[in-house]
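>>> Quick one, fold the following:
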Amino acid sequence: METRLIDGKAFAAGLRARIGAEVAALGAAHPPFRPGLAVVLVGADPASEVYVRNKAAQTVEAGMASFEHKLPADTREEDLLALVASLNADPAVNGILVQLPLPPQIDAMKVLAAIDPEKDVDGFHVINAGRLAVGLDALVPCTPLGCVMLLKHHLGSLAGMKAVVVGRSNIVGKPVAQLLLKEDCTVTIAHSRTRDLPAECRQADILIAAVGRPEMIRGDWIKPGATVIDVGINRVPKADGKTRLVGDVAFAEAQGIAGLITPVPGGVGPMTIACLLANTLTAAKRQAGLA
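Residues are numbered from 1 along each chain as shown. Prediction:
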């Protein structure tokens with residue numbers, strides 16, 4: 001069997017272009033409409049800095065306003081909460097993202113709970129999580145949203161398919177399961193303590209790997225012809241002392257078994273920022289009273 005790759009990078013580029021075109025059209029029809037995204041970074045984590053820089057560049061490319069707030073690592077919790085309150089009140093800011101992880105002196109859950117749910121473009125607020133769980137419109141976490149976009153693009157209707165999600169995090173596992181239920185899949189959430197995890201995975205027409213363990217999902221765990229979405233991004237050492245990126249799926253073993261698979265890198269990863277922009281546009285339209 002030939003395994004086809006799901007090109008998340010190309011899909012994300014197309015999505016960003018469609019978002020940019022809609023922003024321009026809405027701005028012309030409803031001036032001065034311009035979505036604004038505020039990103040808050042506390043500390044100087046190199047990976048987070050690169051990620052925030054990419055978010056800012058892609059926000060501007062899509063015709064949106066980008067507001068960056070870089071705070072020192074010793075920022076007090078009350079000062080960060082005060083900044084969030086000011087962004088909640090700023091009509092130019094339609095979406096707020098506080099980059100995780102936060103320093104140990106700050107309670108991340110308290111900060112996430114302080115964000116206006118209507119501006120919670122990460123989809124982590126308990127109100128958005130609850131709305132998603134009961135089937136109401138919500139701002140949805142970006143990575144799960146990207147996963148389902150890729151699935152629907154390649155498979156069409158997902159109704160009736162058996163989906164197995166390996167991982168139960170609030171960031172990916174739980175929300176992607178809710179989104180798949182909304183698409184009429186039959187969904188199992190599995191994890192590292194699931195009894196006979198390989199057998200559970202072999203039942204999946206759609207297998208979502210989001211457990212955060214390098215190459216944990218082996219090739220013989222995959223149902224022939226299944227679609228595999230690998231959310232994992234793990235750095236593992238190479239023989240020369242450098243590192244390489246691998247997913248949660250043993251990619252080489254999956255070749256020839258899976259029907260479709262996302263590579264790492266170049267699969268789910270590029271979708272995250274594109275879906276952040278999609279959420280920001282959605283939030284801006286709702287706040288402006290636009291369909």
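>>> so how far is Thr75 from Lys9?
Applying C-beta to C-beta, to the nearest Å, the value for Lys9 to Thr75 is 34 Å. Heads up, the C-betas are built off the backbone N, CA and C, glycines and all.
>>> Ala284 too?
To Thr75, Ala284 is 28 Å away according to C-beta to C-beta.
>>> Looking at the two, which is more packed in?
The neighbour comparison of Ala284 against Thr75 (other C-beta atoms under 10 Å) goes to Ala284, with 24 against 17.
>>> tell me the contacts of the more buried one?
By C-beta atoms under 8 Å, 6 or more residues apart in numbering, the residues touching Ala284 are 33-36, 94-95.
>>> again with Ala38
67-69, 87, 90, 93, 95-97.
>>> same thing with Lys174?
Going by C-beta under 8 Å, 6+ apart, Lys174 touches 129, 168, 189.
>>> same check, this time on Met1
By C-beta under 8 Å, 6+ apart, the contact set of Met1 is 224-225, 256-257, 259.
>>> Can you flag the buried ones in these?
By neighbour count, with 16 or more other C-beta atoms under 10 Å, the contacts of Met1 hold 257, 259 as buried.
>>> Check the contacts of Met1 against His125 and report the nearest one.
Minimum distance to His125 across those is 36.1 Å, recorded for Gly259 (C-beta to C-beta).
>>> Not including adjacent chain positions, what is the nearest residue to that closest one?
Gly225 (4.2 Å; C-beta to C-beta, 6 or more residues apart in numbering).
>>> confidence score at the one you found?
Gly225 is assigned a pLDDT of 98 by the prediction.
>>> do the one 3 residues further on as well
Listed pLDDT for Val228 reads 98.
>>> same question, Ala129
In this model, Ala129 carries a pLDDT of 97.
>>> Please, which helix or strand holds it?
helix 126-133 (DSSP states H and E).
>>> what distance separates the start and the end of stretch 201-210?
13 Å (C-alpha to C-alpha, to the nearest Å).
>>> now that stretch: mean pLDDT?
Mean predicted lDDT for stretch 201-210 stands at 98.
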